[in-house]
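1. Sequence and computational prediction follow.
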Amino acid sequence: MRPLISKFRRWIAAFVAIGALGQPALARADAVWKPNADDAVLFELRLGQYRLGDGVRGYQTPAGVCVDMADMVMALDLPVRVDKKLRRATGWIFNESRTLTLDREANTVQIVNKTTKLPVGAIYDAPEGWCVATPQLSNWLGVALNPDLSNAILVIKSDTKLPVELSAERKARAAKIRPASTFDLKALPQSRVAYRGIKTPSVDANVSIGGLRERGHGAKTDIQFELYASGEAGPIAYDARLASNRKGVPESLRLRGYRYDPDGKLLGPLNATQVAIGDVLGLSSGLSAQSSIGRGAMLSNRPLDRPENFDRTDFRGELPSGWDAELYRNGQLLNVALNRADGRYEFLDVPLLYGQNRFEIVLYGPQGQIRREQKILSVGPDSIPPRQTWYWAGINQDGRDLIGLPSGPQFGTDRWRGSFGLERGLSTRTSVSASYHNLFVKEVGRRNFVEAALRQAVGPVLAQLSGATDLKGGSVLSVHMLGELGRTYISAETTNVMGGFRSDRVQRGVQGLHRLSLDHGLKVGRSVVPVHAEARYTARDNGHDTLEVGGRVSTSFSRYSITAEVDMRQDKRPVGPDPPMEMDTGILLNARVGRFRLRGDARFDVSPHSRFRSFGLITEWAGKGDGKNASQWRADLSYDRMMDRARAGLGYARQFERLSLSGNAEVATDGSVAASIGLTFSIGPNPTKKGGLRMTSARLATHGQVLARVFRDNNADGIRQPDEPLEPEVQLAAGRVPVDQLTDPNGETVIDSLEAFRPVLIGVDASSLPDPLVSPSGPGVVVTPRPGVIATVELGLTGAGEVDGTLVKAGGTSLEGVDLELVDARGIVMSRTRSDFDGYFLFERVPYGQYRLRIAKASADAARLHAGLAGDVQVSGKAPSLHLGVTAADPSDLRTASVP
């Protein structure tokens, strides 16, 4: 509500109150009182920090205050129908179980099953409608209504959050969401933890004990453990993983020392962004080398989130024993990685689409545990280094750990390999690259490869011409393009092999590889159905060619998501008849039915034999508890026709504050029975107790942690002074990670599970502050979390005011729908608003300080206005409400409109 109207209401209320005080007591207590203009009051309805509705009409009565029932129903968005003709009101209040039936004829009111008589003075018939006394209305609503006649305010107080308040909070949070392009984390205050000293490491532990009894093989017991540690020693960060086999004997030990710096300030003139030694991930290229993992070293100045190849990427990670992994791209399931003996998952050569690719890797544990890892990769002109030079170099022994254990499994070639490459952006749309690789290739031995590529962006298309040679007469030439046409994403590739070329990427005997892939968002009614189609033709020098065609359709409706897949393979023979075509299909289902979440799949063979192959269904549902004491049930049922085996299992997982406990049992039709118990916990330094340790169910070794401290910033300088008090019971926000706990009596809270090396904004959730005159002193502090390392940030709360005015053109015409910003001396946008139909604008909860008022760049460009508006804005305790009056925006040519 606008300040002028609010003041007018307060003046009216004050005069009414003064006049009432001057009347004799007998006159005020007159039983024949009726609503009249002299006693009328227009209240501003407030719930916490929110103003509800457009005002509530009311009257000062001899016994207190009454308010219009229809105004209250509309302001609180109650499903209550007021029928003046029948003199009845029916509906429910805040909850469907709390029903209301008000019968003026019978002079009764029924709340749920309790019926009472209406007391005298409960309802007055006013010209606007029914005016209900606030004590009576409070009783019906189950909340406290406190009228403040001197300020014309009606305050609602409730022990629990009301639906209208939750809706206002959701709208406030939605209003804060801005496109990534307008939210520059680099421009916000940063908190950096120095690399010095020896920091106490954090350790994640997984321990499981299980038993299996198989018909004809007797019974056996499995004991497994996995420890993952991370920490820092001086300028070096390190991580280590120790895992056992099924007998509890250590079989794998991996160690790595590394440093990451997104700003590229490592190793002086090398300007490296990443350097590592120990068990490291090898480098890959488009035609020669596949990525590998083993003991060695690597160095690069490439951005940390940039894939090595513009059209595909690899995902590798730790996979605890008994776990499975699923890979999703933009919500579509792409691949599944099952449990492996080496404790890793691999998704290799995952295709990328033009534009933004949002990947999610979901890890499923044997007892119902779920972990999620997310990564966003963009493909487009940004894939080209803008007139920069990137380099990468590395050497490793494929499949061999730094410290090999006698009982450990062996993977890979166990041979050394090395790579070095350069990429240079000639312009914002053109780049060239070259690389050298020394590899041991199966079947042909050690080879040297030289590879080069030219990349060009043309409109919504990114194309690359690349070639490679093995320096022994073999070569390969490839053309690849990614593009976007409307809602269709296109990927095409043609590769021709000459001279018997063979590498990690090109199989022996292959002469050519040609592929076309289409992804389209099919519009069906109001929904968009993702459709994927792909064709791949492989030509071989012996004439045994292969045509592979696949398709995938996904659709979602209500709480159901269904994906149908079809894959076909046709082999060609140079002589004789071709073998029959092979075709299979599958259906994947994800659904939420009530409290149950279902994941199911079914596979069928279509050709050359039509038959059912397998079926699986997993049902998960939440048990008792929530937050850090949540529990989860899991039931699964599967059948494999080829093995003629059905299996049923039941699992339970309970998360406590300090650990997670899980159990699982299953039986199969072949007579086998299995059961297991798992324990997961983390131990690390306690940020609230110097020198102490803490045990928690959160993952400390693989994720970052922040100790946030909130204080009252009395002098509004953003720095805590010794005499400034700490603030308890404050809600914080940390990017996408919810902060479950409020600040404690010391004004502190610990935020766990932050994704490592991805900057995140830690700030106060302003919508949770109950006092509208208190606001965060800034947008927050950006932290780049490091695994196992605790960062500390201090966040201030300061007084807040409001700024209003009317935005007009130079000629006096009001400007509607223009986005305005208040910018502090650091250039940080502290508040945003939009002008109304008459040009009026209002900034609420503005922290005390000095600002510049400007028009947002997009609005300035669209309206052809200068972004800068005259004058500075000073909000302080002496002047918390600042009225700018008429604010004129000067016209400008679109080419010169800019943000100062």
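-> Sure thing, it's come through. Numbers count the residues shown, from 1 in each chain.

2. Show me where the stretch 351-500 of the chain dips below the pLDDT cut-off.
-> 365-370, 381-383, 407-409 (pLDDT under 70).

3. Return the helix or strand in the protein with minimum mean pLDDT.
-> Scoring the helices and strands of the chain by mean pLDDT, DSSP states H and E places helix 25-28 at the bottom, with a mean of 33.

4. Keeping just the C-alphas, turn the next helix or strand after it into PDB.
-> Once the chain leaves helix 25-28, the next helix or strand it forms, by DSSP states H and E, is strand 40-47. Listed next in PDB are the C-alpha coordinates belonging to strand 40-47 (Å, rounded to 0.1, in the frame of the first residue of the first chain):
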ATOM      1  CA  ALA A  40     -15.300   4.200   9.900                       C
ATOM      2  CA  VAL A  41     -11.700   3.000   9.600                       C
ATOM      3  CA  LEU A  42      -9.800   1.600   6.600                       C
ATOM      4  CA  PHE A  43      -7.300  -0.800   8.000                       C
ATOM      5  CA  GLU A  44      -4.100  -2.100   6.400                       C
ATOM      6  CA  LEU A  45      -3.900  -5.800   7.000                       C
ATOM      7  CA  ARG A  46      -0.500  -7.200   7.900                       C
ATOM      8  CA  LEU A  47       0.800 -10.700   8.400                       C
END
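
5. Partner strands of strand 40-47 and their direction?
-> In the sheet, strand 40-47 lines up against strand 50-61 (antiparallel), strand 153-157 (parallel) (DSSP bridges).

6. what packs against the following helix or strand past the first one?
-> In other words, strand 50-61. For strand 50-61, the following helix or strand on the C-terminal side (DSSP H and E) is strand 64-68. In terms of contact count using 3 or more Cβ pairs under 8 Å, 6 or more residues apart in numbering; DSSP states H and E, strand 64-68 is assigned the packing partners strand 50-61, strand 123-126, strand 129-133, helix 134-141, strand 144-148. To be clear about C-beta, it is placed using only N, CA and C from the backbone, and glycine gets the same treatment.

7. Any idea which of those gets closest to residue 772?
-> strand 50-61 (8.3 Å; Cβ to Cβ).

8. Please enumerate the helices of the protein.
-> 3-21, 25-28, 69-75, 134-141, 163-176, 857-863 (DSSP state H).

9. looking at the ones you listed, which one has the lowest mean pLDDT?
-> Lowest mean pLDDT within the helices of the chain: helix 25-28, a mean of 33.

10. Okay, now the unreliable bits of the stretch 1-150 of the chain?
-> 1-31.

11. right, and the helices and strands packed on strand 64-68 - which one's nearest residue 399?
-> Using Cβ to Cβ, those put strand 50-61 closest to residue 399, at 60.3 Å.

12. which ones are touching residue 110?
-> Neighbouring residues of residue 110 by Cβ atoms under 8 Å, 6 or more residues apart in numbering: 99-103, 116.

13. Look up how far residue 374 lies from it.
-> 51 Å (Cβ to Cβ, to the nearest Å).

14. now residue 111
-> Taking Cβ to Cβ as the measure, residue 111 falls 47 Å from residue 374.

15. Can you pick out the residue with more neighbours from those two?
-> residue 111 (17 against 13; other Cβ atoms under 10 Å).

16. Tell me the spacing between the more buried one and residue 90.
-> Applying Cβ to Cβ to residue 111 and residue 90 gives a distance of 12 Å.

17. and for these two, which residues touch both?
-> residue 100.

18. is it true that residue 433 touches residue 464?
-> No. Applying Cβ atoms under 8 Å, one finds residue 433 not in contact with residue 464, separated by 9.2 Å.

19. Please identify every residue contacting each of the two.
-> Taking Cβ under 8 Å, 6+ apart as the contact rule, residue 433 and residue 464 both touch 453, 455.

20. re the thing from before, would you mind saying which of the strands paired with strand 40-47 lies nearest residue 853?
-> Taking the strands paired with strand 40-47 one by one with Cβ to Cβ, strand 50-61 is closest: 22.8 Å.

21. Would you mark the buried spots in that closest one?
-> 50-53, 55-61 (16 or more other Cβ atoms under 10 Å).

22. Dump these to TSV, plus distance to residue 876.
-> Converted to TSV, the buried residues of strand 50-61 look like this (distance: Cβ to Cβ, whole Å):
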residue	distance to residue 876
50	25
51	23
52	29
53	31
55	29
56	32
57	35
58	34
59	38
60	35
61	40
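
23. And those, which is closest to residue 889?
-> Out of these, the member with the shortest distance to residue 889 (by Cβ to Cβ) is residue 51, at 27.3 Å.

24. Spatially, and excluding backbone neighbours, which residue is closest to residue 248.
-> residue 223 (3.7 Å; Cβ to Cβ, 6 or more residues apart in numbering).

25. Quickly note the distance from the one you found to residue 210.
-> Taking Cβ to Cβ, one finds residue 223 at 8 Å from residue 210.

26. buried ones in stretch 565-576?
-> For stretch 565-576, by 16+ other Cβ under 10 Å, it's 565-570.

27. What of stretch 374-384?
-> Neighbour-count burial for stretch 374-384 flags 377-380, 383-384 (criterion: 16+ other Cβ under 10 Å).

28. could those residues be laid out in JSON lines, adding distance to residue 438?
-> Shown next, in JSON lines, are those (distance: Cβ to Cβ, whole Å):
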{"residue": "377", "distance to residue 438": "28"}
{"residue": "378", "distance to residue 438": "32"}
{"residue": "379", "distance to residue 438": "29"}
{"residue": "380", "distance to residue 438": "33"}
{"residue": "383", "distance to residue 438": "27"}
{"residue": "384", "distance to residue 438": "27"}
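
29. Give me the distance between the two termini of stretch 129-138.
-> By Cα to Cα, to the nearest Å, the extent of stretch 129-138 from end to end equals 18 Å.

30. Next, the buried residues of that stretch.
-> For stretch 129-138, using 16+ other Cβ under 10 Å, the buried residues are 129-138.

31. Equivalent analysis for stretch 755-768, please.
-> For stretch 755-768, by 16+ other Cβ under 10 Å, it's 755-768.

32. Quick check: mean pLDDT of that stretch?
-> 84.
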